[in-house]
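Trainee: Model the structure of this input:
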Amino acid sequence: MREIVLDTETTGLSPAEGHRVVEIGCVELINHVPTGRHHHIYINPRRDMPEEAFRVHGLSEQFLSDKPLFADLADRFLDFIGDDTLVIHNAPFDMGFLNAELEWASRARLSNPVIDTVALARKVHPGARVSLDALCRHYGIDNSRRTLHGALLDSEILAEVYLELIGGRQVGLALADRSGRQGEGTQTPQGPARQRPAPLPARLDANQARQHAAFIAEMGEKALWSRYGQS
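Mentor: Numbering: from 1, shown residues only. Down below sits the predicted model:
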């Protein structure tokens, strides 16, 4: 299962007021595990940068003046996200801007499934603050690099928050075979899995077993391994 954690930075609060996207950051998850693949672009909005927006993300009109237009970057962006699920904090905001930019670039609106982590956080933590910073504090996620908003950095942080919201980072480590059955010795949602009725046969021959026992003896009586292999 492939998911794309996504964030944008903009010149303002609404595309209906002529505001534009200036940065997009995407992080790829496969089966809830970050793969290290990402997509990051700066965009020339062809307009001024309001002071309020600059204070949020620090992207100046001068810095963005030589960056490509969204229309020139749209295909690369669409190729990266494909038709996979998008994970976005306050999704209506980002989706509204992205769809506006796509329409201005004569592209179709996004039809990807979307997970809004604001809505998810409100369900998991009713009544609590659900800003990205607040969720980082709740889960003990280091966001000290986040002195300003940045689309790629915020996507990386959101990926960590999202994994906690859906049950913790161990969700990406759950093992199951292709038939969907839990492997022996794993923890199931219903409790501990049944143990084997009999131990597996030893894979060591007699000589290897003696060498192993001698090695453990050299480690002393308090060695952890001395607790195993005793009958």
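Trainee: Residue 73: what secondary structure?
Mentor: Each residue gets one of three states, and residue 73 gets helix by DSSP: H, G, I helix; E, B strand; the rest coil.
Trainee: show me where the chain has helices.
Mentor: For the chain, the helices defined by DSSP state H occupy 51-57, 61-64, 70-81, 91-104, 117-124, 132-139, 151-165, 206-218.
Trainee: Quick check: pLDDT value at residue 97.
Mentor: pLDDT for residue 97: 98.
Trainee: Ok, residue 149 next?
Mentor: Residue 149 carries a pLDDT value of 80.
Trainee: Excluding covalently adjacent residues, which one is nearest to residue 120?
Mentor: residue 165 (5.3 Å; Cβ to Cβ, 6 or more residues apart in numbering). The C-beta positions use only the backbone N, C-alpha and C, and glycine is treated the same way.
Trainee: my read: the one you found touches residue 118, true?
Mentor: No: using Cβ atoms under 8 Å as the test, residue 165 is too far from residue 118 to be in contact (10.4 Å).
Trainee: Look at those two and report which has more neighbours.
Mentor: Legend: neighbour count by other Cβ atoms under 10 Å for residue 165 and residue 118, higher for residue 165 (21 against 17).
Trainee: Distance of the more buried one relative to residue 35?
Mentor: Distance, residue 165 to residue 35, using Cβ to Cβ, to the nearest Å: 19 Å.
Trainee: Repeat that for residue 124.
Mentor: Counting by Cβ to Cβ, the gap from residue 124 to residue 35 is 25 Å.
Trainee: who has more neighbours, these two?
Mentor: Neighbour comparison, residue 124 and residue 35: the larger count goes to residue 124, with 16 against 11 (by other Cβ under 10 Å).
Trainee: ok, now which ones touch that one?
Mentor: Residues counted as contacts of residue 124 (Cβ atoms under 8 Å, 6 or more residues apart in numbering) are residue 165.
Trainee: Mind checking which residue lies nearest the centre of the chain?
Mentor: Compute the mean C-alpha point of the chain, and by Cα atoms, centre = their mean the closest residue is residue 159, 2.2 Å away.
Trainee: Does residue 6 touch residue 90 like I think?
Mentor: No: Residue 6 is beyond contact range of residue 90, at 11.4 Å (criterion: Cβ under 8 Å).
Trainee: what about these two, which has more around it?
Mentor: Set side by side, residue 6 and residue 90 show more neighbours around residue 6, with 27 against 15, by other Cβ under 10 Å.
Trainee: contacting residues around the more buried one?
Mentor: By Cβ under 8 Å, 6+ apart, the contact list for residue 6 reads 24-27, 81, 86-88, 94, 155.
Trainee: One more pass at 7 Å, please.
Mentor: By Cβ atoms under 7 Å, 6 or more residues apart in numbering, residue 6 lies in contact with 26, 86-88, 94, 155.
Trainee: quick one: which of those residues is most hemmed in?
Mentor: Ranking the contacts of residue 6 using other Cβ under 10 Å puts residue 87 first, with 28 neighbours.
Trainee: quick one on the thing from earlier: my read: the residue nearest to the centre of the chain touches residue 28, true?
Mentor: No: here residue 159 lies out of contact with residue 28, judged by Cβ atoms under 7 Å, at a distance of 9.1 Å.
Trainee: quick one: residue 85 from residue 110, how far?
Mentor: To residue 110, residue 85 is 11 Å away according to Cβ to Cβ.
Trainee: For residue 3, give its distance to residue 44.
Mentor: Going from residue 3 to residue 44 by Cβ to Cβ gives 29 Å.
Trainee: Just list the residues touching the closest residue to residue 132 other than its chain neighbours, thanks.
Mentor: Leaving aside its sequence neighbours, residue 132 sits nearest to residue 89 (Cβ to Cβ, 6+ apart; 5.7 Å). For residue 89, the contacting residues are 7, 117-118, 132, 158, by Cβ under 7 Å, 6+ apart.
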